[in-house]
Structure formats: structure tokens, C-alpha cells
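K.L.:
return atomic coordinates for the entry below.
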Amino acid sequence: MKNNSNRGFTLMELVTVISILGILAAMAVPKFFNLSFKAQIETERQISGTITHSRSDSTISWTYTRSTNDVYSIGTRSAI
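P.N.:
Residues are numbered from 1 along each chain as shown. As a prediction, the model looks like this:
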């Protein structure tokens, strides 16, 4: 009895799968960079809001800071 079982994928199947993965990657990469850009814009808005708030505070009180409790944190250490 002859047991001729070929196992594996044909070249056409491999090319098809690689093509599909390439198309999916081409669609996913721009979306990833767009999310990164949106996160950067949101961080800049938060920092701008903090600066505006601290300027308003100093204008109201006519001082820069009253104590170290009035110092505002802008961003994180990793953002520096």
C-alpha cells in the first residue's frame, strides 16, 4: 500500500496569504500613526490648558505663586 500524503502549502496559497497580510498591514499602519498624532495633539491641549489656568490664577492673585502647593504639574517626567 502506497502512502503518498503531501503535507504543506502550495506556492499559490502562500502568495495569497502574504498578499492579504500585506494589504491589512497597509491599512493598519496609517491608522496607528494617526492615533499617535491625535494623542500628541491631546497632550498639547492639556498642557496648554494647564498653562492658561496657571496664568489666570496668577492674574487673579497678582502673584506668581503663593506657596509650593500652587505649582502646577505640566506633563510627566517621560514627556520631558
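K.L.:
any idea how many residues pack against residue 43?
P.N.:
Around residue 43 there are 13 other residues, counting by other CB atoms under 10 Å. Heads up, the C-betas are built off the backbone N, CA and C, glycines and all.
K.L.:
point out where this protein drops to low pLDDT.
P.N.:
Scanning the chain for pLDDT under 70 picks out the ranges 1-5, 62-80.
K.L.:
which parts of it are strands?
P.N.:
Under the criterion DSSP state E, the chain carries no strands.
K.L.:
pick out the residue closest to the middle of it.
P.N.:
Ranked by distance to the mean C-alpha position of the chain (CA atoms, centre = their mean), the top residue is residue 36 at 3.2 Å.
K.L.:
can you tell me which residues contact that one?
P.N.:
Residue 36 makes no contacts at all, as judged by CB atoms under 8 Å, 6 or more residues apart in numbering.
K.L.:
state the distance from it to residue 23.
P.N.:
Using CB to CB, to the nearest Å, residue 36 is found at 22 Å from residue 23.
K.L.:
got it, and residue 9?
P.N.:
19 Å.
K.L.:
what about residue 50, how many residues nearby?
P.N.:
Applying other CB under 10 Å, we find 14 residues neighbouring residue 50.
K.L.:
ditto for residue 54
P.N.:
When neighbours are counted by other CB under 10 Å, residue 54 comes out with 16.
K.L.:
before we move on, what about residue 53?
P.N.:
That count, for residue 53 with other CB under 10 Å as the rule, works out to 11.
K.L.:
ok, it to residue 42 distance?
P.N.:
16 Å.
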